[in-house]
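A.B. asks: sequence first, predicted coordinates after that:
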Amino acid sequence: MHEPTEPFSILMVEDDRATADMYAIALRRDGYAVQIATDGWGGLREALQRLPDLLLLDVHLPGLDGHSVLTLLRQCGDTAGPPTIMLSNDASPAVLRRNRELGVVAHLVKYETTPGELCAAVRRWCQRRPAVRWAAPVNE
């Protein structure tokens, strides 16, 4: 179980609410603070407002796809945005190549990933994550 001094925050951007809820329940049970956005623009807005420690992002989203969300986040602030795990049923070579270009830390296929497996992947990432947090741009 994850036992931080303050809750480790995760933003999940997933348009299928049942899928998002299934994963969020397991992550919250594991001690993480989880917020859900159901479309790309909402995910971008939440990421910039909340500055999550980790982003769980679907590739195919309404409004703005996951790669576009990540591209825009990578252009913000002094750092590369939040570390990101892609959680998508699309594992095509083009998607995996774009993930690498954007610095995605892992790609999990939803239909192959149980809630417990997602929690284990998040725990593994937390154990090796850098101590530096990302920051959104400052409006001047």
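C.D. replies: That came in fine, so what should we check first?
A.B. asks: drop to CA atoms for contacts and neighbour counts, all remaining ones
C.D. replies: Fine.
A.B. asks: could I get the full set of strands for this structure?
C.D. replies: 9-13, 33-37, 54-57, 84-88, 106-109 (DSSP state E).
A.B. asks: state the mean pLDDT of stretch 109-119.
C.D. replies: Averaging pLDDT along stretch 109-119 yields 96.
A.B. asks: any chance of the strands of the chain in a markdown table, plus mean neighbour count?
C.D. replies: Output for the strands of the chain, formatted as a markdown table (neighbours: other C-alpha atoms under 10 Å):
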| stretch | mean neighbour count |
| --- | --- |
| strand 9-13 | 25 |
| strand 33-37 | 19 |
| strand 54-57 | 26 |
| strand 84-88 | 23 |
| strand 106-109 | 18 |
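A.B. asks: okay, these in JSON lines with distance to residue 125 next?
C.D. replies: Shown next, in JSON lines, are the strands of the chain (distance: least, C-alpha to C-alpha, whole Å):
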{"stretch": "strand 9-13", "distance to residue 125": "12"}
{"stretch": "strand 33-37", "distance to residue 125": "16"}
{"stretch": "strand 54-57", "distance to residue 125": "9"}
{"stretch": "strand 84-88", "distance to residue 125": "9"}
{"stretch": "strand 106-109", "distance to residue 125": "9"}
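A.B. asks: least confident secondary structure element in the chain?
C.D. replies: The weakest-scoring helix or strand in the chain, judged by mean pLDDT, DSSP states H and E, is helix 115-128 (a mean of 90).
A.B. asks: report the buried residues of that one.
C.D. replies: 115, 118-119, 122-123, 125 (16 or more other C-alpha atoms under 10 Å).
A.B. asks: now stretch 65-82
C.D. replies: Counting neighbours by 16+ other C-alpha under 10 Å, stretch 65-82 gives 65-70, 73-74, 76, 80-82 as buried.
A.B. asks: and if you look at stretch 40-52?
C.D. replies: Buried residues in stretch 40-52, counting neighbours by 16+ other C-alpha under 10 Å, are found at 40-44, 46-48, 51-52.
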